[in-house]
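Colleague: With the input below, show me the fold.
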Amino acid sequence: MKYVIQFACCTALFCCCAPGLAGELGGAGLVPSHAKPAPLAAIMARAQLRGMRLREVRWDAVLKQNWAVLEDVEHPEYPLWSERMDTVGPVEVVGGTTVVARPVETVAPPKPYLALVHYGDRVRLWKTERNVRIEMSAIAEGSAAAGEEVKLRIPSSGVDGDTGWRVVGVVHGPGDVEMTQ
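Modeller: Numbering: from 1, shown residues only. Alright, predicted model coming up:
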């Protein structure tokens, strides 16, 4: 029982002191999750006190935050140290210490693909030229969204193995296709 209590005490002590110990030894940066991001000037000042320098600033696109990557000046073989920065958006390190902020690239979310015509659908195929408008029924041989081309088959009587005509059309709406050929 005595050894179990000693083991529990040592484990608790190690868990409490491990992040600070790793920082003092120059190991991988174990920063508590509740730590607030710091301005770059504060990070660089702390780094100089510990004998470290700014190696680069990395943009984490998933977490949408910047990380200052520091390295030990006297011992470059030591693992790198990372600290979360308070700036938002990608930044660029120029000349080792000068940091120039770049504008944040905003990427529009992808539009959902909404196919208005699906393979096997019976569609209304039409064509307008001068004073004539032709409409007929056709069967889609692919899927397409509005403004996209789709291959169509115009069924025939099926006599003598005739499978019909093949045409291409542009989708204007659900079941509504304009012939292009």
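
Colleague: can you confirm P112 is in a helix?
Modeller: No. Counting by DSSP: H, G, I helix; E, B strand; the rest coil, one finds P112 to be coil, located in no helix.

Colleague: Could I get the full set of helices for the chain?
Modeller: With helices called from DSSP state H, the chain shows them at 2-25, 40-49.

Colleague: Out of those helices, name the one with the poorest average pLDDT.
Modeller: Set side by side, the helices of the chain show their lowest mean pLDDT on helix 2-25, which sits at a mean of 55.

Colleague: Name the helix or strand of the chain that has the lowest mean pLDDT.
Modeller: Scoring the helices and strands of the chain by mean pLDDT, DSSP states H and E places strand 98-101 at the bottom, with a mean of 51.

Colleague: Just to check, M44 is in contact with M52?
Modeller: No. Distance between M44 and M52: 9.1 Å, which falls outside the contact criterion (Cβ atoms under 8 Å). All C-beta spots, glycine's among them, are computed from the backbone N, C-alpha and C.

Colleague: what number of residues lie near R130?
Modeller: 5 (other Cβ atoms under 10 Å).
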